[in-house]
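S.K.: please find the sequence and the predicted model below.
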Amino acid sequence: MKNTGNTCNILIVDDIQENLSALERQLRKPGRKFLRACSGPEALEILKNHDISLIIMDIKMPGMDGWETAGHIKKDKNLEDIPILFITAEYIANEFIQCGFKIGAVDYITKPFEPFLLKCKVDVFLRLSMQQKAIEESRKRYQALFEQSNDSIIVHDTKGTIVEVNSRTLEFMGYDREEMCGMNILMLKPEWARSFVDDGLPRVLESGSSRFETIVMNKNGTIIEVEISASLLDREKGYIQAIARDITERKHVEKALLRAKEIAEEANKDKSQFLTNINHEIRTPMNGIVGVLGLLADTDLNEEQREYLGLLQESTQSMLKLINDLFRFAKVDSGNMLSLKTTMSLTQVLKTCHDNLLHQAEKKGLELLWGAAPKLPDRLFGDPEIIRQIIFILVGNAVKFTEKGRIIFHVKEKDRDKNSVLLHFYVKDSGVGIPEDKLDAIFNKFVQADGSNTRKFGGLGLGLSICRQLVKLTDGNLWAESEEGKGSTFHFTARFGLE
């Protein structure tokens, strides 16, 4: 029976029943349980079945006396740490004392004993016994964690001599325990990497711990990349515990990711160069076509020829818009679109947008209006070209999907701090509108609210995707509100520095 909770089992061994009863009465306290034995053999039998914290034993007993009984107890590995307090009526001579201590006694007390002295000694030895058991339980828990750890754990001294390893280390390194204990830890590293200094030993001795990455070599010569967490266990003895985690697979993944990143960057660079070249190659003949058509428009043409020329010019402008959208999207999508901030006039940017888009709206009989809330700062620090591109795309879409009515773009202040202002822009039309379930999808690449609109209105469905990326460059957001058949309002915010 083991001790449970704070209960201590005390074994009293004496061949006289009255002495057993007297001792128990004197020492009785809460949390103590007493077991009695009238002889040495009986005591040894009790010890087989009970977890004893302290033995109080008379020396003079018939048959097997106290010394002989103590000798048997101390020979048993499971019992040798139990403290034994001898009781004797004999005069305690030096030879007598030495004999008892050699056997394994912790102290003596003589009969008739002084109750206070007896209680004090028993209290001390019980306390020491409980502390020793707590230490032993802690050691067992540590040993269990040590052995069951998924990481390799090695304990070595400051010279590198290995004193203890766990099972994972043996599996990890391919050695037997007998081979590793006593081996120098530098033997676990290849010849070209045998250095203590590089592995942070000075840092461990100075600060008590260190973390670093290194390589080790197992018994069959395989090189393994590891992350070491080293800590000083005992500064006086110089024992260091090193926990090694295999990071070989992680390193392979990191290298593969790095290589993939390099390949992707190289491919992106090639793509950018290709786009630059093809942009030039396509725009050059297109500009030539536009120029020739302009010259042709200045010649004497009959009514039918001028009608054909007008259709050709419209088709050319549509083609140029598609080309512009494609190259703008490619530039934004590849991350090559940069925000070039400068001092700008908000009023001038809005007026320029209106003037450039007015003709496009008037051709469809639409009214195009713009405005700004009162007291808005005009002198701002931002990228005027990005704002223009966003407005061009949103107003261009509004013109495309509106058959009659008006289009308004407007700006107002949303938020301000000491150094910047957040402006809220919106473009409102009276066009076909967008179904509610499509309001999120329209910002994806190559998507329009209605697939049939692609044939009716043209376009690639890239404009709003480009807008979303451009708005991100202004530290803003883009969203839409719409009611099918009644029109749409597109909102975006953009942050500007205050001059």
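M.R.: Yep, that arrived. Here the structure is a predicted model, which means the values were calculated and not measured.
S.K.: measure Asp14 to Phe34 for me?
M.R.: 12 Å (C-beta to C-beta, to the nearest Å). Quick note: C-beta positions are derived from backbone N, CA and C, even for glycine.
S.K.: the more surrounded of those two?
M.R.: Higher neighbour count among Asp14 and Phe34: Asp14, with 24 against 17, using other C-beta atoms under 10 Å.
S.K.: what residues are up against Lys121?
M.R.: Lys121 sits next to Leu85, Asp107, Ile109 when contact means C-beta atoms under 8 Å, 6 or more residues apart in numbering.
S.K.: how far does stretch 173-189 stretch from one end to the other?
M.R.: 11 Å (C-alpha to C-alpha, to the nearest Å).
S.K.: who's in contact with it?
M.R.: 152, 154, 156, 159-165, 169-170, 194-196, 214-220, 242.
S.K.: and that stretch, how far out from the chain middle?
M.R.: 33 Å (C-alpha atoms, centre = their mean, to the nearest Å).
S.K.: can you pull the buried residues of it?
M.R.: For stretch 173-189, the neighbour count (16 or more other C-beta atoms under 10 Å) marks Met173, Tyr175, Met180, Cys181, Met183, Ile185, Leu188, Lys189 as buried.
S.K.: do stretch 218-235 as well
M.R.: Buried, per 16+ other C-beta under 10 Å, within stretch 218-235: Ile224, Glu225, Val226, Glu227, Ile228, Ala230, Leu232.
S.K.: want to throw the residues you listed into TSV with secondary structure and pLDDT?
M.R.: Output for the buried residues of stretch 218-235, formatted as TSV (DSSP: H, G, I helix; E, B strand; the rest coil; pLDDT from 0 to 100):
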residue	secondary structure	pLDDT
Ile224	strand	88
Glu225	strand	88
Val226	strand	89
Glu227	strand	88
Ile228	strand	87
Ala230	strand	86
Leu232	strand	86
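S.K.: which of these sits closest to Thr493?
M.R.: Among the buried residues of stretch 218-235, Glu227 lies closest to Thr493 (C-beta to C-beta), at 45.0 Å.
S.K.: right, and that closest one touches Ile215 too?
M.R.: No: using C-beta atoms under 8 Å, Glu227 is not in contact with Ile215; the gap is 10.9 Å.
S.K.: helices and strands around the helix or strand harbouring Glu385, which ones?
M.R.: Glu385 belongs to helix 384-400 when assigned by DSSP states H and E. Contact here means 3 or more C-beta pairs under 8 Å, 6 or more residues apart in numbering; DSSP states H and E; on that basis helix 384-400 packs against helix 346-363, strand 406-416, strand 420-428, helix 463-473, strand 487-498.
S.K.: least confident of those, on average?
M.R.: The stretch with the lowest mean pLDDT among these is helix 463-473, at a mean of 86.
S.K.: can you list the strands that the helix or strand just after that helix pairs with?
M.R.: Next along the chain after helix 463-473, taking DSSP H and E as the criterion, comes strand 478-483. Applying DSSP bridges, strand 478-483 is found paired with strand 487-498 (antiparallel).
S.K.: list the buried residues for the strand it pairs with?
M.R.: Buried-residue list, strand 487-498, by 16+ other C-beta under 10 Å: Gly487, Ser488, Thr489, Phe490, His491, Phe492, Thr493, Ala494, Arg495, Phe496.
S.K.: got it, and stretch 37-45?
M.R.: Ala37, Cys38, Ser39, Gly40, Glu42, Ala43, Leu44.
S.K.: got the phi/psi numbers for Lys33?
M.R.: phi -120, psi 130 (degrees, to the nearest 10).
S.K.: wait, it sits on Ile12?
M.R.: No: the pair Lys33 and Ile12 fails to qualify as a contact (C-beta under 8 Å) at a distance of 11.2 Å.
S.K.: those two: who's more crowded?
M.R.: Comparing Lys33 with Ile12 by other C-beta under 10 Å, the one with more neighbours is Ile12, at 24 against 16.
S.K.: run the chain-centre distance for the strand or helix carrying Lys133.
M.R.: Lys133 is located in helix 115-148, with elements delineated by DSSP H and E. Relative to its chain's centre, helix 115-148 lies at 41 Å (C-alpha atoms, centre = their mean).
S.K.: which non-adjacent residue is nearest Trp370?
M.R.: Leaving aside its sequence neighbours, Trp370 sits nearest to His354 (C-beta to C-beta, 6 or more residues apart in numbering; 4.6 Å).
S.K.: so in this protein, where's the weakest helix or strand by average pLDDT?
M.R.: In the chain, no helix or strand scores lower on mean pLDDT, DSSP states H and E than helix 451-457, which sits at a mean of 46.
S.K.: run through the stretch 201-350 of the chain and note the low-pLDDT ranges.
M.R.: 201-202, 271-273, 275-276, 279-280, 318, 321-322, 324-338 (pLDDT under 70).
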